[in-house]
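Engineer: Quick one, what's the 3D model for this:
(chains A and B)
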There are 2 protein chains.
Amino acid sequence: MSQAKTRIAAVMDEIRLRIASRSYLPGTRLPSVRAQAKAMTVSVSTVVEAYERLAAEGVIHSRPGSGFFVSGPVAPLALSEMGPKREREIDPLWISRQSLESNASTLMPGCGWLPDSWMYEAGLRRALRTVARADSSVLADYATPLGLPALREVLARRMIGSGIEVPPEQIMLTESGTQAIDLICRFLLEPGDVVLVDDPCYFNFHALLKAHRVRIVGIPYTPSGPDLDAFSAALNTLSPRLYITNSGIHNPTGATLSATTAHRLLSLAERSDLVIVEDDIFADFEVTPAPRLAAFDGLSRVIHLGSFSKTLSASLRCGYIAARADWIDSLLDLKIATSFGGGNLAANVVMSALTDSGYRKHIESVRLKLAKAMVTTVERLETLDIRPWHTPQAGMFIWCRIPKGRDAADIARACLQAGVVLAPGNAFSQSQSAGDFLRFNVAQCGDDRIFQTLARVLSS
Amino acid sequence: MSQAKTRIAAVMDEIRLRIASRSYLPGTRLPSVRAQAKAMTVSVSTVVEAYERLAAEGVIHSRPGSGFFVSGPVAPLALSEMGPKREREIDPLWISRQSLESNASTLMPGCGWLPDSWMYEAGLRRALRTVARADSSVLADYATPLGLPALREVLARRMIGSGIEVPPEQIMLTESGTQAIDLICRFLLEPGDVVLVDDPCYFNFHALLKAHRVRIVGIPYTPSGPDLDAFSAALNTLSPRLYITNSGIHNPTGATLSATTAHRLLSLAERSDLVIVEDDIFADFEVTPAPRLAAFDGLSRVIHLGSFSKTLSASLRCGYIAARADWIDSLLDLKIATSFGGGNLAANVVMSALTDSGYRKHIESVRLKLAKAMVTTVERLETLDIRPWHTPQAGMFIWCRIPKGRDAADIARACLQAGVVLAPGNAFSQSQSAGDFLRFNVAQCGDDRIFQTLARVLSS
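Structural biologist: Numbers count the residues shown, from 1 in each chain, chains lettered A, B, ... in the order given. Here you go, the predicted structure:
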């Protein structure tokens, strides 16, 4: 293709992308040829030709004397066509699908959950048998609007352990932790709002926020929480609406928020009227509880949430939100409108398993196994010159720097060929500045073939 | 309060409402005092006073020389404050909460589901015990992206019975039927789009669409489907994006779409590039299968969906969507982004119960019981001069006209005092033209006290 042809195609692609991502809506006028040429730093004739071709395709149409307009109807929302294209190895949507699709023979040191054999299997089987004998209303009925009262009481008691005082009426059960965040986004966000996330952060936050069509801004994460200078600068220049974080054990770094950082962060948030979402999904893995923003703030501007996917079962969907009473009331309307009742059966199984006398022992044994696996995995990775950025106090994740000059996406691609699914750093990084990092899940690193494959790929 | 004070308060309320419903966004300029006065048919001085008071409250602020602006940040989305205020007896959000809250002693002839004792209890208990013995991956793992392959195969075979040919790869499991519709709305709609619904229709469609901030337009429903003249006129004047309906057994009328209407409806939709969502949640209650839009159209512009809440269990959340392959692909990205995996455990329980040899017999016996209850309930209601608008072929609903001159919301309010929850017509009607209708669920009408209460209220 000639250079001119390439440039015309690039302009056409960019305009198609803007239509697909709905930044150009049907019926709106495209920028003038001259303005577009200046904005895209191409010649006027390139834009003229691109507009004419798109008009010939019916994507846009001209109105004599008034310019070019986007043809309707509005394009369906295709997340995969929104925002800059990423290689699939670091594309949040692709990674989620890949991890969910993988079968038992795949090795998954990059995945975000425990192996089946580490979960509370005996307890779950017991809970299912208990529920199989429960009242017919447990088996057949919709849940009450807020969800199973007994489970909300248990959650309120558990939260006291993290310093969060909240009555059960201010806790709403959801279908999952992800649904909990999604409801909060619906409640608080408008397309175009700015949302702060940690850089790096859990990759599905990027996909979820993309679905809400907000502007995602990453704040560099340090071993004691977000970088406060960057956080403060973002508050001053971007007026963000929301900040989403994990404050117990951070995904993917395994770091923990310090009390000083938590306090300063909240003071900044108060001055800027910023709402904070604290996803506490890894709470049960903690050995020494870290400070919780919700505890410091008393659930005034912090919304606290979690689920049981990491500790009990990801197959049973159940999550929760604790928030201000008036916010819970509006979130409840949104939950009923968009998913009607919650999963009453799932809530009953969770309740039965959580209050089973064996659960605490099970979690203690998981913590011990994780601590041992952490030591072993760090040692084995260090022999490959893969080094932890920070040594986590607890949890399943370590965030590691790979040998100098190598690219994590390349390594992930090569390892995938050998049936080893890795989690390359840029999948977690909004700024794409983590190309030399990999996240490892120590609970999924028991198999020698992982290190053999890594060694082979690194030496090639 | 003086009349002037009342007018000022009314203008202030209206502006607060527009800010709450985000039709006035933070940072935007309010209409000039003169324009606002004209639009609201009040005096200029009333608007001046209202603006000043709102500015004193900090809701808006003035910039000298350029007018009044909405103060930020954007208000959280409160469904209950959006759109015209309705009495709570006919407010979709209130009715949903009320039905979900009600306890075992409440009589619920207005509710939308079967009594527990009519559900497939023995089968569900068996299915739960089966799943309690399943592989640990069934108990603990996330579902695959599309959801349990075996269940999708069963659904594909069931749909063939309704004339819908669809491969299992074009079926995606969801957390519920409501989530299925919500994902489709996210995929296809922009705030401000026009969506057609039946008038009357299932009341939660109103709440769900309100959450998507679209313009809801009701099309009068006839005993053979939507009124085609009104439908055609709406297509010509409003360019709707979507039409949501039930084509098997219609909620709340119990009517069935005729083949002629289905065919003409689809021809109209094709000419106007309208997408149709067909919610088939009552399919299993049908005695003679009605035509399905998805069967006529071959899943080109029709999206077909359903769930198991009405026949198996509402406590187990599981629904499905069948649609064009490219749409399923985008819907899958949206599902993962906003709820991550689906409920693998729920899908396994549904699968086990549906394929149990007893399920078909159970459903046949439910159909018989419904047919008998339909006859008895119609007879009993007729003695109270409450008459069916149409005699349904099957299902649990009858849509009845109450005695002349009475108001269904008043009757519902009075019956609620006596512990009887009714479903007044206007809860289902976008145009609020069903004030003389009630929806009865014949499966919930077995208790004499319902008719005694109705008789007492009607004679008072």
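Engineer: hmm, the helix or strand hosting A:Arg264 touching chain B?
Structural biologist: Counting by DSSP states H and E, the element that carries A:Arg264 is helix A:259-272. No - applying C-beta under 8 Å from any C-beta of the partner chain, one finds helix A:259-272 separated from chain B by no less than 9.6 Å. All C-beta atoms are positioned from the backbone trio N, CA, C, and that covers glycine.
Engineer: Now do the SS call for A:Asp410.
Structural biologist: What DSSP: H, G, I helix; E, B strand; the rest coil gives for A:Asp410 is helix.
Engineer: Please identify the buried residues of the helix holding A:Arg264?
Structural biologist: Buried positions in helix A:259-272, judged by neighbour count with 16 or more other C-beta atoms under 10 Å in any protein chain shown: A:261-262, A:264-266, A:268-269, A:272.
Engineer: What is the subsequent helix or strand relative to the longest helix seen in chain A?
Structural biologist: Longest helix in chain A by number of residues (criterion: DSSP state H): helix A:358-383. On the C-terminal side of helix A:358-383, the closest following helix or strand by DSSP H and E is strand A:387-388.
Engineer: What is the least confident helix or strand in chain A?
Structural biologist: Comparing helices and strands within chain A by mean pLDDT, DSSP states H and E singles out helix A:92-101 as the least confident, with a mean of 77.
Engineer: and that one, what other elements does it pack with?
Structural biologist: Under the contact criterion of 3 or more C-beta pairs under 8 Å, 6 or more residues apart in numbering or on different chains; DSSP states H and E, helix A:92-101 touches helix A:203-211, helix B:325-339.
Engineer: Specify the angle between it and helix A:203-211 in degrees.
Structural biologist: Calculated by axes from the mean of the first three to the mean of the last three C-alpha atoms, to 10 degrees, helix A:92-101 forms an angle of 130 degrees with helix A:203-211.
Engineer: Go through helix A:92-101 and flag the buried ones.
Structural biologist: For helix A:92-101, by 16+ other C-beta under 10 Å, it's A:92-100.
Engineer: Show me what the helix holding A:Arg264 is in contact with.
Structural biologist: Residues outside helix A:259-272 that contact it (C-beta atoms under 8 Å, 6 or more residues apart in numbering or on different chains) are A:224-226, A:228, A:231-232, A:235-236, A:239-240, A:243, A:247, A:257, A:274-276, A:291-293, A:296-297, A:301-302.
Engineer: Alpha carbons only: can I get that helix in PDB?
Structural biologist: Presented in PDB, the C-alpha positions along helix A:259-272 are these (Å, rounded to 0.1, in the frame of the first residue of the first chain):
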ATOM      1  CA  ALA A 259      -2.300   3.700  58.100                       C
ATOM      2  CA  THR A 260      -0.500   6.900  57.200                       C
ATOM      3  CA  THR A 261      -1.400   6.600  53.600                       C
ATOM      4  CA  ALA A 262      -5.000   5.700  54.400                       C
ATOM      5  CA  HIS A 263      -5.400   8.800  56.500                       C
ATOM      6  CA  ARG A 264      -3.800  11.200  54.100                       C
ATOM      7  CA  LEU A 265      -5.800   9.700  51.200                       C
ATOM      8  CA  LEU A 266      -9.000  10.200  53.000                       C
ATOM      9  CA  SER A 267      -8.200  13.800  53.800                       C
ATOM     10  CA  LEU A 268      -7.500  14.500  50.200                       C
ATOM     11  CA  ALA A 269     -10.700  12.700  49.100                       C
ATOM     12  CA  GLU A 270     -12.800  14.800  51.600                       C
ATOM     13  CA  ARG A 271     -11.400  18.000  50.200                       C
ATOM     14  CA  SER A 272     -12.300  17.000  46.700                       C
END
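Engineer: Next SSE downstream of that helix?
Structural biologist: Once the chain leaves helix A:259-272, the next helix or strand it forms, by DSSP H and E, is strand A:275-279.
Engineer: and that next one, which strands flank it?
Structural biologist: Strand A:275-279 sits in its sheet next to strand A:242-245 (parallel), strand A:302-307 (parallel), going by DSSP bridges.
Engineer: Quick one: residues contacting the residue nearest to A:Gly341 when sequence neighbours are not counted.
Structural biologist: Distances taken as C-beta to C-beta, 6 or more residues apart in numbering or on different chains put A:Tyr142 closest to A:Gly341, at 3.2 Å, once the chain neighbours are dropped. A:Tyr142 is in contact with A:340-341, A:344, B:100, B:113, B:309, B:314-315, counting by C-beta under 8 Å, 6+ apart.
Engineer: Can you lay out these as TSV showing secondary structure and distance to B:Leu77?
Structural biologist: Below are those laid out as TSV (DSSP: H, G, I helix; E, B strand; the rest coil; distance: C-beta to C-beta, whole Å):
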residue	secondary structure	distance to B:Leu77
A:Phe340	coil	18
A:Gly341	coil	21
A:Asn344	helix	26
B:Leu100	helix	21
B:Trp113	coil	28
B:Ser309	coil	26
B:Ala314	coil	26
B:Ser315	coil	28
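Engineer: Now for the closest residue to A:Arg301 other than its chain neighbours, how many residues are close by?
Structural biologist: Distances taken as C-beta to C-beta, 6+ apart place A:Val275 nearest to A:Arg301, at 5.4 Å, with adjacent residues excluded. Close neighbours of A:Val275, defined as other C-beta atoms under 10 Å in any protein chain shown, add up to 23.
Engineer: How about the one 4 residues further on?
Structural biologist: Burial of A:Asp279, expressed as a neighbour count using other C-beta under 10 Å, amounts to 26.
Engineer: Quick check, it in contact with A:Ile249.
Structural biologist: No - taking C-beta atoms under 8 Å as the definition, A:Asp279 is not a contact partner of A:Ile249, at 10.6 Å.
Engineer: picking up where we left off before, check which helices and strands whatever helix or strand comes next after the least confident helix or strand of chain A is in contact with.
Structural biologist: Going down the chain from helix A:92-101, the next helix or strand is helix A:121-132, by DSSP H and E. Secondary-structure packing of helix A:121-132 (3+ C-beta pairs under 8 Å, 6+ apart): helix A:344-354, helix A:358-383, helix B:121-132, helix B:136-140.
Engineer: is the last one up against chain A anywhere?
Structural biologist: Okay, so that is helix B:136-140. Yes - interface with chain A: helix B:136-140 contributes B:136-140 (C-beta under 8 Å from any C-beta).
Engineer: That helix: what's the following helix or strand?
Structural biologist: With DSSP H and E, the next secondary element past helix B:136-140 is helix B:149-160.
Engineer: How far does that following helix sit from its chain's centre?
Structural biologist: Helix B:149-160 sits 25 Å away from the centroid of its parent chain (C-alpha atoms, centre = their mean, to the nearest Å).
Engineer: ok so, going back, okay, the buried residues of helix A:259-272 in CSV with pLDDT and distance to B:Ser117 next?
Structural biologist: As requested, the buried residues of helix A:259-272 are exported to CSV (pLDDT from 0 to 100; distance: C-beta to C-beta, whole Å):
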residue, pLDDT, distance to B:Ser117
A:Thr261, 96, 56
A:Ala262, 96, 52
A:Arg264, 97, 58
A:Leu265, 97, 53
A:Leu266, 96, 52
A:Leu268, 97, 57
A:Ala269, 96, 52
A:Ser272, 92, 55
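Engineer: Stretch A:361-369 and chain B, are they touching?
Structural biologist: No - against chain B, stretch A:361-369 shows no contacts by C-beta under 8 Å from any C-beta, the least distance being 12.5 Å.
Engineer: now what about that stretch, what contacts it?
Structural biologist: Residues outside stretch A:361-369 that contact it (C-beta under 8 Å, 6+ apart): A:114, A:118, A:120, A:123, A:284-285, A:287, A:311, A:394, A:443.
Engineer: Understood, closing this out.
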